[in-house]
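>>> I need the structure of the sequence given here:
(one chain, ligands or ions: 2)
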Amino acid sequence: MLSTAERAGVILTRKEHCHCPSCPTYRECAERAGDRAFCTIGESRDDCIIDEEKGCICTRCPVYLDVGFQKTFFCTRGTEQQQRILSVLEMRDMVY
Ligand code: SF4
Ligand code: SF4
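Ligands and ions are numbered 1, 2, ... in the order given. Next up is the predicted model:
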C-alpha cells in the first residue's frame, strides 16, 4: 500500500505525462483548476467536464499504456477502478 506522499508522487508524475490537455473533451476550466490525470484522480471537479465526451485520447498516453488501463473517459466516468466496479455491479444486476 502506498503512503500519502507516494500517492501524491504518482499523481504528479502522471499529470506530467498526461495527454488530456490535447483532448477535444478537455475544457479550460479543468486547465485553470490544474486538473488532469483523471484516470487516477477521478472525474473532473466542480462539474467542469460533464457529459461532453467529444472523444478520448487516453489510449495514446504513455501512462495508459504503462499501467495497462482498459477504460476511457476518466474525466466524466471516474477512475479505471471505479469504472471496473460499476461494470461488475451492472453485470451482477443482469445475472441476478
Ligand atoms: S490515461 Fe488519460 S487521464 Fe490518465 S494520464 Fe493519460 S491521458 Fe491523462
Ligand atoms: S480522460 Fe480522456 S476524455 Fe477526458 S480529457 Fe482525458 S483524454 Fe480526454
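>>> Please count neighbours and contacts with C-alpha atoms only from this point.
Noted.
>>> all helices for this protein, in order.
Here the chain has its helices, by DSSP state H, at 4-17, 28-33, 38-41, 62-67, 74-77, 80-95.
>>> Compare those helices and give me the one nearest Gly55.
helix 74-77 (11.3 Å; Cα to Cα).
>>> what pLDDT, on average, does the closest one get?
Average pLDDT, helix 74-77: 96.
>>> Residues contacting that helix, please?
38-39, 42-44, 49-53, 80, 83 (Cα atoms under 8 Å, 6 or more residues apart in numbering).
>>> quick one: Lys71 from ligand 2, how far?
Lys71 sits 9 Å away from ligand 2, going by Cα to the nearest ligand atom, to the nearest Å.
>>> repeat for Thr4
From Thr4 to ligand 2 the distance is 23 Å (Cα to the nearest ligand atom).
>>> Gln81 too?
14 Å.
>>> That residue: neighbouring residues, count only.
Close neighbours of Gln81, defined as other Cα atoms under 10 Å, add up to 14.
>>> Up against ligand 2, what does the chain have?
Within the chain, the residues that sit near ligand 2 (Cα under 6 Å from any ligand atom) are 20, 23, 25-26, 38, 53, 55-58, 72-75.
>>> most surrounded residue in the residues you listed?
Comparing the residues of the chain next to ligand 2 on neighbour count, Cys75 comes out first with 30 neighbours (neighbours: other Cα under 10 Å).
>>> could you give the mean pLDDT of stretch 10-22?
In the prediction, stretch 10-22 has an average pLDDT of 97.
>>> could you dump it to CSV, C-alpha only?
Extracted as CSV, the C-alpha positions of stretch 10-22 are listed here (Å, rounded to 0.1, in the frame of the first residue of the first chain):
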residue,chain,number,x,y,z
VAL,A,10,2.3,9.0,-8.6
ILE,A,11,-0.3,11.7,-9.4
LEU,A,12,2.3,14.3,-10.1
THR,A,13,4.2,12.0,-12.5
ARG,A,14,1.0,11.0,-14.3
LYS,A,15,0.0,14.7,-14.6
GLU,A,16,3.3,15.4,-16.2
HIS,A,17,2.8,12.8,-18.9
CYS,A,18,-1.0,13.2,-19.3
HIS,A,19,-2.4,14.0,-22.7
CYS,A,20,-5.7,15.3,-21.5
PRO,A,21,-5.0,19.0,-22.4
SER,A,22,-4.7,18.0,-26.1
